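[1] Structure for this input, please:
(one chain, ligands or ions: 1)
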Amino acid sequence: MNRKSILIVDDEPDICQLLGITLSKMGLETQTASTFDSAQKLLCHQQFDLCLTDMRLPDGNGLDLVRHIQNNSPHTPVAVITAHGKMETAIQAMKLGAFDFINKPVDLKILRNLIEDALNINYSSDSKSFNLIGESECILQLKTQIEKIARSQAPVYISGQSGVGKELVARLIHQNSPRREKPFIPVNCGAIPIELMESEFFGHKKGSFTGAHQDKMGFFQAAHQGTLFLDEVADLPPNMQVKLLRGIQEKSFRPVGDTKEHSADVRFLCATHKDLSKLVQTGFFREDLFYRLNVIEIKVPSLIQRINDIPLLVTYILKKIIPNDVTIPKVSVETLEALKQYSFPGNIRELENILERAYTLSDGKEILTTDLQLPLQARKMHSHDFNMSLDEHLEQVEKEAILKALDETKGNKTLAAKLLGVTFRTLRYRLKKLGIDDDSES
Ligand SMILES: Nc1ncnc2c1ncn2[C@@H]1O[C@H](COP(=O)(O)OP(=O)(O)OP(=O)(O)O)[C@@H](O)[C@H]1O
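    As a prediction, the model looks like this:
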């Protein structure tokens, strides 16, 4: 059997030797290059299964090599070795397509995990399981993006409105990644009581607090060698944001009541329907954490942006909700047209709910427009709801935006004004005009 071959690029003989010994103990063949130029020459003549490169080379840097490999041997994963604390360069390398990074001094356990993951990458496209339904241009692009991102270890920020399929995208990234045999742990950050958060994330030792009757494993440990999906990440309280940042940066964590640090081989994916960059601007979310989670961003399009996928989605969803031995009811052209005219604020999840209800209300043979029971007030504006004047419509939109901002900031007007991008005075004026002012100052 052919042994896998790894290219080590570093000008420090000690590091080359350490990496060489570790890799050969893993049954791997290694070649070393001490400069960018010699690495390029080796890559030109041989196909490597992985390249490990230092960031600082005498005649160039690791980023140049990442770029070179992306352009010339895109099937060779490349990981960069960075000086401790140089997260910015690690992030830059991953944005350019590096598979992962490892800090100096090299922790051999982390290195071995990284190598196993890298060698597990499957570049053939026929094994992909895609139940991401849709053929519109934006969905085809999304599928390509998922396949590409799945090969990397970089943290991914999945953005998009509520119900668009962010969790589905996260699962697909995991399923198509070298971690696919390991756990995928989804965590709804908004649903964990604040006082339990640290223990839920990092675990705890028996007796570390009242009620800790036995050792408990946290999400970090449960997701070891797999993927941790932080859903509704914007809801993390500030103290957890700091701890999470540390965990991502150091690739380690410490259970509550433990004296030891444990290494964490975890890939982080996160999502929120909120505008995270806006929350950073207004101070609700740490900029440094945002920067680390958002190495790669995937935007999941709303249903309205891909209205032509509705017929495909309807068939798929009906098959999903109707038992196998029951005939799928027909869906008339008018019914599909009515769905295409609807605004879907809750996106695919709402489409699923509408179809489930419609199927129950239908005669089982055909789903009619009346079975859909689409909410009247939420009809798409571009379908021209002439019951409302333009001024009334604009007022309604303004009111909704202000109420949403106040809700998000728990009634704090100063912060709500920031979130809306207006001055405090302007917000006060508009609240008065819309008749929702309670005259309080904050
Ligand atoms: N392209 C798609 N093809 C098939 N099913 C989809 C697609 N997108 C979403 N779904 C389905 O829609 C439902 C909602 O998706 P999901 O939970 O992933 O959305 P979300 O964006 O994470 O929602 P939230 O913001 O509320 O957390 C799920 O049942 C999912 O399987």
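[2] would Cys270 count as being in a strand?
    Yes - residue assignment for Cys270, taken from DSSP: H, G, I helix; E, B strand; the rest coil, places it within a strand.
[3] Numbering from 4 from now on, please.
    Sounds good: first residue 4 from here, last item Cys273.
[4] what sits against it?
    Listed by CB atoms under 8 Å, 6 or more residues apart in numbering, the contact set of Cys273 reads 158-161, 232-234, 236, 296. For every residue, glycine as well, the C-beta is placed using N, CA and C.
[5] Against the ligand, which of the residues you listed make the cut? List them.
    Among those, the ones lying close to the ligand by the criterion of CB under 6 Å from any ligand atom are Asp234.
[6] Just give me the closest of the contacts of Cys273 to His177.
    Distance ranking of the contacts of Cys273 against His177, using CB to CB, places Phe232 first at 7.6 Å.
[7] The ligand contacts on the chain?
    For the chain, the residues in contact with the ligand under the definition CB under 6 Å from any ligand atom are 135-137, 163, 165-171, 234, 276, 319, 351-352, 355.
[8] how does it look with 5 Å?
    Proximity of the chain to the ligand, by CB under 5 Å from any ligand atom, involves residues 135-136, 165-171, 276, 351-352.
[9] With secondary structure, neighbour count and pLDDT added, can I get those residues in a markdown table?
    What follows is the residues of the chain next to the ligand, written out as a markdown table (DSSP: H, G, I helix; E, B strand; the rest coil; neighbours: other CB atoms under 10 Å; pLDDT from 0 to 100):
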| residue | secondary structure | neighbour count | pLDDT |
| --- | --- | --- | --- |
| Leu135 | coil | 16 | 91 |
| Ile136 | coil | 17 | 94 |
| Ser165 | coil | 15 | 92 |
| Gly166 | coil | 21 | 94 |
| Val167 | coil | 25 | 95 |
| Gly168 | coil | 23 | 95 |
| Lys169 | helix | 26 | 96 |
| Glu170 | helix | 18 | 95 |
| Leu171 | helix | 16 | 95 |
| His276 | coil | 17 | 90 |
| Ile351 | helix | 21 | 96 |
| Arg352 | helix | 14 | 94 |
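[10] so who does the closest residue to the ligand within the stretch 154-303 of the chain touch?
    Sorted by distance to the ligand under CB to the nearest ligand atom, the residues of the stretch 154-303 of the chain start with Gly168, at 2.6 Å. Gly168 makes contact with 135, 303, 350-351, according to CB under 8 Å, 6+ apart.
[11] For it, grab phi and psi.
    Dihedral pair for Gly168: phi 110, psi 30, per degrees, to the nearest 10.
[12] show me where the stretch 4-153 of the chain has helices.
    16-28, 39-48, 65-75, 90-98, 111-122, 140-153 (DSSP state H, counting those that start in this stretch).
[13] okay, these in CSV with mean neighbour count next?
    Compiled in CSV, the helices of the stretch 4-153 of the chain are given as follows (neighbours: other CB atoms under 10 Å):
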stretch, mean neighbour count
helix 16-28, 15
helix 39-48, 16
helix 65-75, 19
helix 90-98, 19
helix 111-122, 18
helix 140-153, 17
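[14] Backbone dihedrals for the closest residue to Thr417 other than its chain neighbours, both of them.
    Nearest residue to Thr417 in three dimensions, chain neighbours excluded: Phe427, at 5.7 Å (CB to CB, 6 or more residues apart in numbering). Its backbone dihedrals place Phe427 at phi -60, psi -40, with angles given as degrees, to the nearest 10.
[15] what's the burial count for Phe427?
    The burial metric for Phe427, expressed as a neighbour count using other CB atoms under 10 Å, is 15.
[16] helix/strand/coil for Ser155?
    Judged by three-state DSSP, the three-state class of Ser155 is coil.
[17] Could you measure from it over to Asn311?
    Using CB to CB, to the nearest Å, one obtains 31 Å as the distance from Ser155 to Asn311.
[18] For these two, indicate the residue with more neighbours.
    Set side by side, Ser155 and Asn311 give different neighbour counts by other CB under 10 Å, the larger being at Ser155 (22 against 11).
[19] Next, the contact list for the more buried one, please.
    Contacts were defined as CB under 8 Å, 6+ apart; by that measure Ser155 touches 97, 100-103, 299.
[20] Distance from the chain centre to the top helix by length along the chain, please.
    Among all segments of the chain classified by DSSP state H, the helix with the greatest residue count is helix 393-411. Chain-centre distance of helix 393-411: 29 Å, with CA atoms, centre = their mean, to the nearest Å.
[21] Only the buried residues of it, if you could.
    402, 405, 408-409, 411 (16 or more other CB atoms under 10 Å).
[22] circling back to that earlier point, any of the contacts of Cys273 buried? List them.
    158-161, 232-234, 236, 296.
[23] Show me which of those is closest to Phe222.
    Leu233 (8.8 Å).
[24] Now do the helix or strand where that closest one lies, average pLDDT.
    When elements are assigned from DSSP states H and E, Leu233 belongs to strand 230-234. The pLDDT scores in strand 230-234 average 96.
[25] for stretch 198-218, same thing?
    Across stretch 198-218, the per-residue pLDDT values average to 87.
[26] give me every residue that touches the residue nearest to Thr417.
    416-417, 420.
[27] same thing with Ile370?
    The contact partners of Ile370, taken as CB under 8 Å, 6+ apart, are 332-335, 338, 358, 361-362.
[28] May I have the beta-bridge partners of it?
    When assigned by DSSP bridges, Ile370 has beta-bridge partners Val334.
[29] thinking again about what came up before, ok, the residue nearest to Thr417 to Glu353 distance?
    If you go by CB to CB, the gap between Phe427 and Glu353 works out to 35 Å.
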